[in-house]
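>>> Here is my input, please return the structure:
(chains A and B)
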Amino acid sequence: MSTTTRPVPTVGPATVGRDVPRGAPRALRTKVRRDIRTQWPQFAAITVTMLLGVLLYAASYDAYRNLDASYRGLFDTVHGADLYVTGGDVEAVARAAAGTAGVEAAGVRVQADTPLRVGPDKLRGRVVGLTTLASGEALAELLLVDGTLPGAGEVVVEQHMADHFGLSPGAGLEVLGPDGWTRVEVTGTVASVEYLWPARSRHEVITLPDDFGVVFAAAGVAESLTGAAPNQALVRYTADAATPALDDRLTDVALASGATSVSTWADQPSNSVLQEDVDGFSQMATSFPILFLGAAAMATYVLLTRRVQSERDIIGMLVASGVRRRHVLGHYLAYGVTAGTLGGVGGVLLGIPAARGMTRFYTGFLSLPPEAAVVAWRPATALGGIVFGMAAGVVAALAPALLASRIPPAEAMRPIVPATGGRRSILERLVPPLRRLPARWLLVLRGIGRNRRRTAYTIIGVTLSLLLVLVSWGMIDTMNALLAKQFDVVQLQDARVDFVAPVSDEALAALAAVDGVAVVERSVSAPVGLATDEATYGTLLIALEPDTRMHGFVAPDGTELRLPDDGLLVGKAITDVLGVEVGDPLRVESAIGGFAVQTQLVGLVDEPLGTFAYVSLDALDALAGGRAPTTSAYLLFDDDADRAAIRRAIVELPEVAAYEDAQAFQALFDDFTGLFYGFVGGMLALGGLMAFAMIFTTMSVNILERSREVATLRAEGVQLRTISRLITAENLLTTVLGIVPGLLVGLVGASAMLESYSTDQFDLALVIEPLTLVGSTVAILVVAFVSQWPGLRALRRLDIATVVRERR
Amino acid sequence: MPVSTRTVVARLTQVDRTYGEGPTAIHALRDVELTIEEGEIAVILGPSGSGKTTLLNVMGGIDRPTAGRVVVGDVDITDLDGEDLTDVRREAVGFVFQFFNLVPTLTARENVELIAELTSRDGEAVAWALGEVGLTDRADHFPGQLSGGEQQRVAIARAVSKRPPLLLCDEPTGALDLETGRPILVLLQRLAREDGHTVVIVTHNQPIAAMADHVVRLRSGRIVEDRRVENPVDASEVEW
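Residues are numbered from 1 along each chain as shown, chains lettered A, B, ... in the order given. Model prediction:
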């Protein structure tokens, strides 16, 4: 007797030689459709979770690409500078740079911070000269939003300032120069790639619109208005030359020419803020989809594993009847692929418009010129989203499908019920008196260990949900704590005043005489570099009264500090950026040159916003070798002070260049955090939805698996209420098991996520209120409680007679 | 044993089937010698645990013997790999199970299609099989809407839809009472007599042996009786 490749017995009525179909039976497809229909709530939950994962991917990835393309496009359109050199012989730097390989263009301009006056308002302004190159190349151009470019005696206004003060072509404003206030005419409104986010510097990235504004003027006009010579060199690289090596080379040239500051485009204040947001979208495009698709995959796995276990006899029948194992494999993969494809397609269909909406909202919020906003449709993102959804489905279904394909056909005859449970629970082993509980409660305890893998997945589901909830809620708590600390502990003044020029004590007395002003303190602030032998860190040096009431100093360990008699207190991030410790020497160099003294780091302060250097006025006077010029003042008001009246009165004083109300600053922060809360609230809602989908699926399966037991108990006369209570207790107990690791993972995850957003300018150390932990726990328990309702309702409809008769 | 000239559909030679090893090994089949001939109805009897289902599984190629040879038609299936065994089952063997093993979400017609499509997709086989079991009118009902007897008829229609020479039935009336079970036996007898199927029925129900052409009795994995019957009774007369 011989064996052929496809041996077919040739006996009896067998239809040997027929054209045998090679594919899976079509009825299997019908089975998939009907099975999904009968378990539609669970499949819907899984599909929606997959949809959310893909939606978040498509929305955040495309938004990331759009924003990145918008910024890059605008940067290229206006021939933005890759390197900024401030101070020293900038003409020499520009000349040297222009002759360097990889440099497309180099030029110089004036950039001077000087007070501006718009009607009755005064602000700390900035005058920037346009960069024109004799060779005709363009560099750091402006986008004209309205009007025309300026000529003699004219300026154009950066759009944020123009919007805030209602400045349009034909309006006028005043610039404080060496000869006093000079009136100039506004010929237009412009967008500048350097001020899409109106940051004054890396240390003052959040500015009040009535305290900071930028005007641009022709090179000669800017010089005459400010009395300054070109003090900034701008260098643009060729497209393929933007490398750290070129940065280093030109930095060496700049430092050799006496530059006080060299920064790359990446460090440019506006760009670095926006880039952090773009990076945030990029991170979101990875982390959230992984979280959601992972959760959906786990729920799919749980659901499909249960299906395979309950269909062992049918699978055995199929294999016994000649259905190939790969077709069985394909059949069960189809469930995951269906959920993944539906989720993927749905996610892409919703994600792409969401990305467009997010891009438009964001670019609109930044007042990016509409022509500069890239809102593109990317087929690769759509395809990627669908592929990710399908891949999640395949990965989730693979293990159950493989399990199904390996079920021996003999199971069709006498299905082997997989061994489960059959032992005392861990709790009973740990607490032996529990063994004396009534049998129905032992059922609850042992039910948890009955299907350990599913219990593990429920725990993982709860853990992931808590991770998302705590990351979101942790951001809110942290932001609240950050603002509370900044405005209640650190920044204690009601207002700050900057003077046109160094003032005498009479000017301070004039401030104190204003009705409603309770306390005035003298202050000196100046941009400086804190230097070691290896590195320099640019920041603001703020000198205050030794026993100042305007500023609170808190050490990283929480203890209160006072300004030392000698040396500096510096924000704690300095230890990382300069590698210094308390007690180490530090050199203080004036950012505008001409001043460098050696002092010591005597303490670190823990402040949420910025890394500033603080010194007492006495210590500063000692360092300067005389009384340092008073550049600003801090004010405290009477309790019932009329803040608007105080502002009006102070701004009218001729010595005053700018006025910053701390309350307005806080209100501005509140505006920003409103957007942030909206975003985080959305994340929180999605986290809740994911928690519901995961817990709902695992709980449904848990209940389905017990249908025969429940029917038996019901047949024996146990009340449905009692059964519901037992199942609820088991489900909630499983949830509690997930809450403990969930809280730990959530705290670690939230801390890591915030840490990733922390910079020397924003200290985002995680703060979680105890109430948040309690609230998250309660929320998850409520979700678990609610998510089992559909399953419990299904138990009410159970046909006891049918179920107890069924073999499965 | 009487000498027969009929074609052999299945032959088991010195078949052993042992589960496990050492002192805990279970010998489900021991030195089984059995020949099933074309067109006969063979009834395999024995108490629970005697090895009836194991014998059926080995004969149908869903279990492998530990020793001995198994031949189905003209093919020795003993050493075939999984794919080849699948081909043999697909073409030559139909199974009928005690608990029907119907897919609850598919109608009677779709349940039959599920297997019929393994060998043909023209739909004729499905209509023919449902007609054979008298369920043409109930073809669009779901299993839950059918009685136990009807469900087993669907299962038989499913098994015969691919026209296998060998029909292996594991306790086909085990889940049915006399009223619903007897028509199943009548159907199986007709399939053997009129359509030429070879039907092997495994049962612990002694009276069913009366309709058999061939009676095999197992005890502790050994064949203790193997006889052919000259004048089997009509299945409609079987009582239990």
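
>>> Give me the residue at the spatial middle of chain B.
residue B:168 (1.2 Å; CA atoms, centre = their mean).

>>> pLDDT (mean, whole number) over the one helix or strand that residue maps to?
Assigned by DSSP states H and E, residue B:168 belongs to strand B:166-170. Throughout strand B:166-170, pLDDT has a mean value of 93.

>>> Can you tell me the strand partners of that strand and which way each runs?
Using DSSP bridges, strand B:166-170 pairs in its sheet with strand B:93-96 (parallel), strand B:198-203 (parallel).

>>> quick check: mean pLDDT across the shortest one?
Spelled out, it's strand B:93-96. 91.

>>> Now it: buried residues?
B:93-96 (16 or more other CB atoms under 10 Å in any protein chain shown). Every C-beta, even on glycine, is put in place using the N, C-alpha and C of the backbone.

>>> what two of these have the greatest distance between them?
The span of these, defined through CB to CB, is set by B:93 and B:96 at 10.8 Å.

>>> Mutual contacts of these two, please.
Both residue B:93 and residue B:96 are contacted by B:167-168, under the criterion CB atoms under 8 Å, 6 or more residues apart in numbering or on different chains.

>>> I'd like the next helix or strand past the longest helix along chain A.
Longest helix in chain A, counting residues (DSSP state H): helix A:662-705. Where DSSP H and E defines the elements, the next helix or strand beyond helix A:662-705 is helix A:707-715.

>>> Who are the packing partners of that next one?
Using 3 or more CB pairs under 8 Å, 6 or more residues apart in numbering or on different chains; DSSP states H and E as the contact test, the elements touching helix A:707-715 are helix A:720-757, helix A:800-805.

>>> per-residue confidence averaged over it?
Helix A:707-715 comes out at a mean pLDDT of 74.

>>> How about stretch A:50-60?
Across stretch A:50-60, pLDDT averages out at 93.

>>> next one: stretch A:798-808
Averaging pLDDT along stretch A:798-808 gives 60.

>>> Identify the residue of chain B closest to chain A, quick one.
Proximity of chain B to chain A (CB to the nearest CB) peaks at residue B:73, 2.1 Å away.

>>> List the buried residues for stretch A:662-669?
Buried residues in stretch A:662-669 (16+ other CB under 10 Å): A:662, A:664-665, A:668-669.

>>> and that stretch, how far out from the chain's middle?
Remark: stretch A:662-669 is offset 22 Å from the chain centroid, using CA atoms, centre = their mean, to the nearest Å.

>>> what's that stretch in contact with?
Contact partners of stretch A:662-669, identified using CB under 8 Å, 6+ apart, comprise A:206, A:208-210, A:483, A:486-487, A:491, A:493-496, A:643.

>>> Pull out the C-alpha coordinates of it and format them as PDB.
Taking Å, rounded to 0.1, in the frame of the first residue of the first chain, the C-alpha atoms of stretch A:662-669 are listed here in PDB:
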ATOM      1  CA  ALA A 662       1.000  89.800  39.100                       C
ATOM      2  CA  GLN A 663      -2.800  89.200  39.000                       C
ATOM      3  CA  ALA A 664      -2.800  89.700  35.200                       C
ATOM      4  CA  PHE A 665       0.100  87.400  34.900                       C
ATOM      5  CA  GLN A 666      -1.800  84.800  36.900                       C
ATOM      6  CA  ALA A 667      -4.900  85.300  34.800                       C
ATOM      7  CA  LEU A 668      -2.800  84.700  31.700                       C
ATOM      8  CA  PHE A 669      -1.600  81.500  33.100                       C
END
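
>>> For the buried residues of stretch A:662-669, give me CSV that also has pLDDT.
Below are these laid out as CSV (pLDDT from 0 to 100):
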residue, pLDDT
A:662, 89
A:664, 86
A:665, 82
A:668, 84
A:669, 80
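
>>> Serialize these to CSV and add fields for distance to residue A:383.
Converted to CSV, the buried residues of stretch A:662-669 look like this (distance: CB to CB, whole Å):
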residue, distance to residue A:383
A:662, 51
A:664, 48
A:665, 46
A:668, 42
A:669, 41
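
>>> Identify, from these, the entry nearest to residue A:719.
residue A:669 (57.2 Å).

>>> Check the offset of the helix or strand hosting residue A:481 from the chain's centre.
Assigned by DSSP H and E, residue A:481 belongs to helix A:452-485. With CA atoms, centre = their mean as the basis, helix A:452-485 stands 15 Å off its chain's centre.

>>> That helix: which residues count as buried?
Across helix A:452-485, burial judged by 16+ other CB under 10 Å covers A:454-455, A:457-479, A:481-483, A:485.

>>> can you pull out the strands in the stretch 1-150 of chain A?
For the stretch 1-150 of chain A, applying DSSP state E, counting those that start in this stretch gives strands covering A:83-86, A:103-109, A:111-118, A:121-129, A:143-147.

>>> Return the list of helices and strands in contact with the second one.
Applying 3+ CB pairs under 8 Å, 6+ apart, one finds that strand A:103-109 makes contact with helix A:90-98, strand A:232-237.

>>> now for the helix or strand where residue A:443 lies, which elements pack on it?
Counting by DSSP H and E, the element that carries residue A:443 is helix A:439-450. For helix A:439-450, the elements it packs on are helix A:426-430, helix A:720-757, judged by 3+ CB pairs under 8 Å, 6+ apart.

>>> packing partners for the last one?
Applying 3+ CB pairs under 8 Å, 6+ apart, one finds that helix A:720-757 contacts helix A:269-310, helix A:439-450, helix A:452-485, helix A:662-705, helix A:707-715, helix A:770-787, helix A:789-796.

>>> residues of the lowest-mean-pLDDT helix or strand in chain B that come out buried?
Least confident helix or strand of chain B, by mean pLDDT, DSSP states H and E, is helix B:82-92 with a mean of 86. Burial within helix B:82-92, assessed by neighbour count using 16+ other CB under 10 Å, is assigned to B:84-92.

>>> ok, so of the buried residues of stretch A:662-669, who is nearest chain B?
residue A:669 (57.8 Å).

>>> What residues does residue A:158 make contact with?
Contacts of residue A:158 by CB under 8 Å, 6+ apart are A:189-192, A:195, A:198, A:213-216.

>>> oh sorry, the question was meant for residue A:137
The neighbourhood of residue A:137, defined by CB under 8 Å, 6+ apart, consists of A:79, A:104-105, A:236.

>>> For it, give its distance to chain B.
72 Å (CB to the nearest CB, to the nearest Å).

>>> And the residue nearest the centre of chain A, how close does it get to chain B?
For chain A, the residue nearest the mean C-alpha position is residue A:280 (4.5 Å; CA atoms, centre = their mean). Residue A:280 sits 46 Å away from chain B, going by CB to the nearest CB.

>>> repeat for residue A:685
According to CB to the nearest CB, residue A:685 and chain B sit 34 Å apart.

>>> Repeat that for residue A:565.
With CB to the nearest CB as the criterion, residue A:565 and chain B are 84 Å apart.

>>> Please list all residues in contact with residue A:661.
If you count contacts by CB under 8 Å, 6+ apart, residue A:661 has them with A:208, A:494-495, A:643, A:647.

>>> Return the distance of the top strand by length along chain A from the chain's centre.
Secondary structure assigned by DSSP state E gives strand A:517-531 as the longest strand of chain A. Here strand A:517-531 is found 33 Å from its chain centre; the criterion is CA atoms, centre = their mean.

>>> cool, stretch A:688-702 as well?
Chain-centre distance of stretch A:688-702: 27 Å, with CA atoms, centre = their mean.

>>> Then stretch A:85-105?
For stretch A:85-105 - counting by CA atoms, centre = their mean - the centre lies 37 Å from the chain centre.

>>> Tell me the buried residues in it?
Neighbour counts over stretch A:85-105 (16+ other CB under 10 Å) mark A:85-90, A:92-94, A:96-98, A:102-105 as buried.

>>> which of those lies closest to chain B?
Closest approach to chain B among these (CB to the nearest CB): residue A:102, at 63.4 Å.

>>> Count the neighbours of the closest residue in space to residue A:226 that isn't next to it in sequence for me.
Among residues not flanking residue A:226 along the chain, residue A:112 sits closest, at 3.8 Å (CB to CB, 6 or more residues apart in numbering or on different chains). When neighbours are defined as other CB atoms under 10 Å in any protein chain shown, residue A:112 has 20 of them.
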